[in-house]
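K.L.:
One predicted model, sequence on top.
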Amino acid sequence: MPDATRRPFARHGKQARRRSWTTLVTVVASALAVLLVSGTSVAAIAGAQLAAAPETVELSTDDQSTARTADITAIDGGANILLIGSDTRVGQFDSDEDVEGARNDVTMLVHISQDHQQLTAVSFPRDLMVPIPACTNPATGTTYPAATAAMFNTALGNGGVSCVVDTVENLTGLSIPYAGLITFDGVIEMSNALGGVDVCVAEPIDDTFTGLHLTAGSHSLEGADALAFLRTRHGVGDGSDLARISSQQVFLSALLRKVTAEGTLSEPVTLYKLAGAALSNMTLSDGLARPRTLVALASALRGMSTANMLFVQYPVADDPADKARVIVDQETAHTLNVALQNDVRSSLSDSSTGRASEESPSRGGTSSGSSGAAGSSGGTEAPSADPSTPGAATGSTAPTPSTTRTPTATATPLPSSITGQSASERTCSVGN
């Protein structure tokens, strides 16, 4: 495990690079833009020629050593990459907010199995109370002492990307040598580059906080609407952050199906736009922004089935000290941690889809409708859903009924209390 004392990450200035380097940087930018699962060839990704290189940060000494000396495709026990969505408003799209600091509003641990047959993306609730190690803020130089219990989303403000990585490492017992951070602008630009993502809505979503209003049916979301959908909490499920996570899984699964089914990244123009959006709005750990790593990563993910791309929520329970917070469900979390540590091929055959999503009544999909922040009219109407009864702000309530899944003979089922879905499952977000 990493030491509690951290070295602040450093922002490296842009240096002159050969064209081959920028091409390889494009590989990871494009891959990360779709949660590292492009399913296309290195040659197709490398078709986007960009002169810019991403901003980079340093992780801990141990993580840097692993990233620099190991082949990402041959790391014992599989490779781990942490993806962070920052909620900073400073300089972002049309926001006039000057929010002090930044928080890791969305945090996903991506585990790629050593045999390259499965990808597991684990979402951590922002309101989860966890131990956070001592970290130094890279902008101010302020050192924050270790905390035995603090909100998970304070880690980024304490010590940047490196602090979030250390927090997740301590929580899971995994080594995470690679990381990437993206801001609001990046989400907007990448959804635009893809020409929108079709999402299913089972019950109308009306959220005055994000300005998102969607009727039941199918909607093609891009730009500010896509961002609002990913951010909405008050408009889905029971209004909790846990509900938002399952709704985000609906969006990301639909995005991955679009990319893999339509060969989006094999289109040079789309690829160029997608890579450009990622490069200009992402910060990568320096170990990830390396030619050898980028080519190997793209190669490892090529051809992976969406059925083997799992989205799961980290197991939590109500915080007895604060009903607006959650704590780790220690027994179930231990089972998940051990499965990831031992690189066990897992399945969600007995799990529910989460509190703000449900299996689509039409597996074949529906025609797209229009959407908008001020209001929208849906496409084909989806049958009424029957979501679980809303509970506390972020507490644990009964999940939605389990989806019909065919267990994989070689996969070990995760505990049924772990909610999630595979990218191949067509699910709908449930409004409240």
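P.N.:
That came through, no problem.
K.L.:
C-alpha from now on. contacts and neighbour counts both.
P.N.:
Noted.
K.L.:
all helices of the chain, in order?
P.N.:
Secondary structure of the chain by DSSP state H: the helices cover 19-33, 42-45, 61-69, 155-172, 184-193, 223-231, 241-262, 268-281, 291-301, 330-341.
K.L.:
Ok, which of the ones you listed comes nearest Ala324?
P.N.:
helix 241-262 (9.8 Å; Cα to Cα).
K.L.:
picking up where we left off before, flag whichever of the helices of the chain has the least confidence on average.
P.N.:
The weakest mean pLDDT among these belongs to helix 42-45, with a mean of 36.
K.L.:
list the buried ones in stretch 283-293?
P.N.:
Thr283, Leu284, Ser285, Asp286, Gly287, Leu288, Ala289, Arg290, Pro291, Thr293 (16 or more other Cα atoms under 10 Å).
K.L.:
Now do that stretch: distance from first to last residue.
P.N.:
16 Å (Cα to Cα, to the nearest Å).
K.L.:
what does stretch 192-207 give?
P.N.:
With Cα to Cα, one end of stretch 192-207 sits 22 Å from the other.
K.L.:
ok, back up a step: want to throw the buried residues of stretch 283-293 into JSON lines with distance to Asn342?
P.N.:
Below are these laid out as JSON lines (distance: Cα to Cα, whole Å):
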{"residue": "Thr283", "distance to Asn342": "29"}
{"residue": "Leu284", "distance to Asn342": "26"}
{"residue": "Ser285", "distance to Asn342": "25"}
{"residue": "Asp286", "distance to Asn342": "26"}
{"residue": "Gly287", "distance to Asn342": "23"}
{"residue": "Leu288", "distance to Asn342": "23"}
{"residue": "Ala289", "distance to Asn342": "26"}
{"residue": "Arg290", "distance to Asn342": "27"}
{"residue": "Pro291", "distance to Asn342": "28"}
{"residue": "Thr293", "distance to Asn342": "22"}
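K.L.:
With Val430 as the reference, name the closest of the helices of the chain.
P.N.:
Val430 lies closest to helix 241-262 among the helices of the chain, at 7.7 Å (Cα to Cα).
K.L.:
Give the buried residues for the closest one.
P.N.:
For helix 241-262, burial by neighbour count (16+ other Cα under 10 Å) applies to 241-260.
K.L.:
what are the bridge partners for Val130, then?
P.N.:
In this entry, Val130 is beta-bridged to Ala150, by DSSP bridges.
K.L.:
so Ser220 makes contact with Asn192?
P.N.:
No. Ser220 is beyond contact range of Asn192, at 10.8 Å (criterion: Cα atoms under 8 Å).
K.L.:
Low-confidence bits of the stretch 301-432 of the chain, can you list those?
P.N.:
362-409 (pLDDT under 70).
K.L.:
could you redo the last one with a cut-off of 80?
P.N.:
301-303, 362-409 (pLDDT under 80).
K.L.:
residue ranges for the strands of it, please.
P.N.:
Taking DSSP state E, counting those that start in this stretch to define them, one finds strands in the stretch 301-432 of the chain at 309-313, 316-319, 322-328, 346-347, 357-359, 412-413, 420-422, 427-430.
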